[in-house]
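J.: with the input below, show me the fold.
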Amino acid sequence: MTIVQLILVCLFIVLIYNRFRRKALTAPIQDLLNLNGDGGKPIYLAVRGRVFDGGLYQNFAGRDASRGLALQSFDEETLTKDLKGPLDDLQDLNTDQLVNLESWEKRFMDKYPVVGRLVAEDDLRLQHL
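T.: Predicted coordinates:
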C-alpha cells in the first residue's frame, strides 16, 4: 500500500466516523423529561450537567439525578423540582454528599456514554441567538 492509498483510507475512515457518530445533545431539562424510556425512547438522565444514556436507571429517567445520587435517595422529592427554573447548583450539599456524587458520576462515566449536556432553558435560548 502506498502512502497516498494509506492517506485516502484514513480520510475515508474519518469521514465515515463523522457521518455516523452521535451528535451531542444540548437539551433543556424539559426535553430531558421526555427521554424516559416510554414508547421505545431512550432512557437518559443527567448527573452534574452531563446527560447519560442511562440504561437501566428508569427511576431517574428523564431527570437530573444529581441530588438523589448525592443523598443516596431514590425518592421523587430529591429529583429535579422546578423543571422551568434554574438547574440545581448543589451548593447546599456537604462534603460527604459531594464525594458520594463524584463516585456516582465516575461510575456513570465508566459505564454509560455521555450523549450531551443539560442546560437551563435560558442558557439554551442564549446559545441559539
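J.: may I have the phi/psi pair for the most centrally placed residue in the chain?
T.: With distances taken as Cα atoms, centre = their mean, the residue of the chain nearest its centroid is residue 51 (0.4 Å). For residue 51, the backbone dihedrals (degrees, to the nearest 10) come out as phi -100, psi 120.
J.: quick one: residue 50 from residue 104, how far?
T.: The gap separating residue 50 from residue 104 is 11 Å, by Cβ to Cβ, to the nearest Å. Placement of C-beta: from N, CA and C, glycine included.
J.: give me the sheet partners of the top strand by length along the chain and which way each runs.
T.: Counting by DSSP state E, the longest strand found in the chain is strand 114-119. Sheet pairing of strand 114-119 (DSSP bridges) gives strand 25-28 (parallel), strand 50-53 (antiparallel).
J.: tell me where the protein is predicted with low confidence.
T.: Along the chain, the model assigns pLDDT under 70 to residues 17-30, 55-56, 80-85, 121-129.
J.: returning to what we had before: you'd agree the residue nearest to the centre of the chain is up against residue 32?
T.: Yes - using Cβ atoms under 8 Å, residue 51 is in contact with residue 32, at 6.7 Å.
J.: overlap of the contact sets of these two?
T.: Common contacts of residue 51 and residue 32 (Cβ atoms under 8 Å, 6 or more residues apart in numbering): 44-45, 118.
J.: neighbour-wise, which of the residues you listed leads?
T.: Neighbour tally across these (other Cβ atoms under 10 Å): the maximum, 29 neighbours, falls on residue 45.
J.: which strands and helices lie in contact with whatever helix or strand that one lives in?
T.: Per DSSP states H and E, residue 45 falls inside strand 44-47. Where contact means 3 or more Cβ pairs under 8 Å, 6 or more residues apart in numbering; DSSP states H and E, strand 44-47 is packed against helix 29-33, strand 50-53, helix 66-70, helix 95-111, strand 114-119.
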